[in-house]
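Enquirer: Provide a 3D model corresponding to the input given below.
(one chain, ligands or ions: 2)
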Amino acid sequence: MRDQFLDSQVATNLIALGDPVLYEVHEMSRPEVAGELVQGISIVHPGRVGAEYFMTKGHFHTVLATGELYMCIQGQGMMVMETPDGDWAVEALRPGRVLYVPPGWAHRSVNTGASLDLVTVFAYPGNAGHDYGTIDRQGFRKIVVDRGGAPEVVDNPRWSAPKPGG
Ligand code: F6R
Ligand code: ZN
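Expert: Numbering: from 1, shown residues only. Ligands and ions are numbered 1, 2, ... in the order given. Below you'll find the model as predicted:
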């Protein structure tokens, strides 16, 4: 995760100071085949690396044309999404909100709350797979930072735009 954060020096210091757990995922694993639904909960703890809130690593699904359903049951946050062409969207997460991540969109959840865990329930097809490498290389186009006590969505200066044709 260190290199996903804008301020990787602060991230390095945080790791040296005890390497806090940023998030947890608990899921009912199911056979990795079409027709199955993997379901679980994702818990992003509150905290920041510099100005940037704790967040998940984020991924595309290996079967790109796979949607995923999320429902927020606790906390405040944002779902940062992006297509392989670099289109982006950021949606608020708050208790009771159901969020559909459409096929083809990478997704990352960000906890913008001061003290509560951000808890979401998710479900996705068993054959989806996870592609972490693409986000690892290019990052997300948008990041969420604290500005004077409120979250703000800003350009990620470290984002590498996807190359045309992949
Ligand atoms: C599964 C999914 C969630 C995430 C979880 C952690 O497809 O989107 O269960 O896996 O929120 O995020 P990542 O997997 O990006 O570390
Ligand atoms: Zn997913």
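
Enquirer: quick one: what helix or strand has the most centrally placed residue in the chain in it?
Expert: Nearest residue to the geometric centre of the chain (C-alpha atoms, centre = their mean): residue 108, 1.4 Å. Secondary-structure assignment from DSSP states H and E places residue 108 in strand 106-111.

Enquirer: That strand near ligand 1 at all?
Expert: Yes - remark: strand 106-111 sits within contact range of ligand 1 at 107, 109, by C-beta under 6 Å from any ligand atom. Yep, even glycine has a C-beta here, placed from its N, CA and C like the rest.

Enquirer: What is that strand packed up against?
Expert: Strand 106-111 makes packing contacts with strand 37-44, strand 77-82, strand 118-125, helix 133-138 when contacts are defined by 3 or more C-beta pairs under 8 Å, 6 or more residues apart in numbering; DSSP states H and E.

Enquirer: and those as JSON lines, adding distance to residue 146 and mean pLDDT?
Expert: As requested, the helices and strands packed on strand 106-111 are exported to JSON lines (distance: least, C-beta to C-beta, whole Å; pLDDT from 0 to 100):
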{"stretch": "strand 37-44", "distance to residue 146": "15", "mean pLDDT": "98"}
{"stretch": "strand 77-82", "distance to residue 146": "12", "mean pLDDT": "98"}
{"stretch": "strand 118-125", "distance to residue 146": "15", "mean pLDDT": "98"}
{"stretch": "helix 133-138", "distance to residue 146": "22", "mean pLDDT": "96"}
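
Enquirer: Make JSON lines from these and add distance to residue 68 and mean neighbour count to it.
Expert: Putting the helices and strands packed on strand 106-111 into JSON lines (distance: least, C-beta to C-beta, whole Å; neighbours: other C-beta atoms under 10 Å) gives the following:
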{"stretch": "strand 37-44", "distance to residue 68": "9", "mean neighbour count": "17"}
{"stretch": "strand 77-82", "distance to residue 68": "10", "mean neighbour count": "24"}
{"stretch": "strand 118-125", "distance to residue 68": "4", "mean neighbour count": "20"}
{"stretch": "helix 133-138", "distance to residue 68": "15", "mean neighbour count": "15"}
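
Enquirer: Okay then, goodbye and thanks.
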